[in-house]
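Visitor: Here is my input, please return the structure:
(3 chains)
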Amino acid sequence: MKLLNVYRKLYSEFGPQHWWPADNELEVIIGAILTQNTSWKNVEKAIKNLKPISLSKMRSISRKELENRIRSSGFYKQKAERIKAIVKLLDKYSIETLKSMPVDKVRQLLLSVKGIGKETADSILLYALGKGIFVVDAYTKRIFNRLGFDISGYEEVRKFVETNLPANYYNEFHALLVKLAKEYCRKKPNCRKCPLKSYCSFYKQHYKE
DNA sequence: AGCCAGGACTGAG
DNA sequence: CTCAGTCATGGC
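Guide: Modelled structure (predicted):
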């Protein structure tokens, strides 16, 4: 099973996912932090509470108030801290500046912020800054392993996709993998209807008669 | 009533 | 490098 065929199958099944759901780049960046190990539903309320907060207001807002506004997203103390940290970076490098900088350097900058790991950094690079970076998450690794791709490390998986798929597909592909996981992997019975079941080792082991 | 969400950090082995 | 514990709310 070729990776490009996986993409095609998912796209024809689900269509465009319109990621990242946000009104502007700052919202993508904040959202990337808020959604860490948290369902998107819980993040939406937090985003809503932050809507009236512009970037300039974000600098002066007290930590307590920030915590209260994002409480529904869980881990609210760390996340408030992390948002403060990324805003501090944006103080030195504007979003437009980051867009014009080399990918590797921006990735380094993001990873140097406490609370921003690889997935969050790459989400920002791809969905906020429009860089050619593929975002790997737990779903990606799980699905790939079930499809027989024997790779486990974050960078390994990322390189695998980036060498087997055109860069303009990264955006949609990650979104489609999340969609697939939500629809067919998370809830067990749905596994039977999965569009990739004929290639999935998990399906064969648990549901094939 | 648990278990899990569109993770990251820390410490231990 | 892998792995458990921690952080925390809300939906199912």
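
Visitor: For the residue of chain A found nearest DNA strand B, which non-adjacent residue is closest in space?
Guide: Nearest residue of chain A to DNA strand B: residue A:117, at 2.5 Å (Cβ to the nearest atom of the strand). The way it works is simple: take the backbone N, C-alpha and C, and place the C-beta from them, glycine included. Residue nearest to residue A:117 in three dimensions, not counting chain neighbours: residue A:111, with 7.3 Å by Cβ to Cβ, 6 or more residues apart in numbering.

Visitor: Show the backbone phi and psi for the residue of chain A closest to DNA strand B.
Guide: phi -100, psi -170 (degrees, to the nearest 10).

Visitor: Quick check, pLDDT for it.
Guide: You'll see residue A:117 listed with a pLDDT of 98.

Visitor: okay, now the domains of chain A?
Guide: For chain A, automatic domain parsing gives the domain ranges A:3-17+A:135-206, A:25-128.

Visitor: Residue A:150 - how many residues pack around it?
Guide: For residue A:150, the neighbour count with other Cβ atoms under 10 Å is 7.

Visitor: Is it in a helix, a strand, or coil?
Guide: coil (DSSP: H, G, I helix; E, B strand; the rest coil).

Visitor: One more: residue A:136?
Guide: Taking three-state DSSP as the rule, one finds residue A:136 in the coil state.

Visitor: Could you do residue A:79 as well?
Guide: helix.

Visitor: so what's it up against?
Guide: A:33-34, A:36, A:70, A:73, A:115 (Cβ atoms under 8 Å, 6 or more residues apart in numbering).

Visitor: TSV for the residues you listed, including distance to DNA strand C and secondary structure?
Guide: Formatted as TSV, these follow (distance: Cβ to the nearest atom of the strand, whole Å; DSSP: H, G, I helix; E, B strand; the rest coil):
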residue	distance to DNA strand C	secondary structure
A:33	12	helix
A:34	11	helix
A:36	8	coil
A:70	9	helix
A:73	7	helix
A:115	10	coil
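
Visitor: same for DNA strand B: which of those residues are within range?
Guide: A:36, A:115 (Cβ under 7 Å from any atom of the strand).
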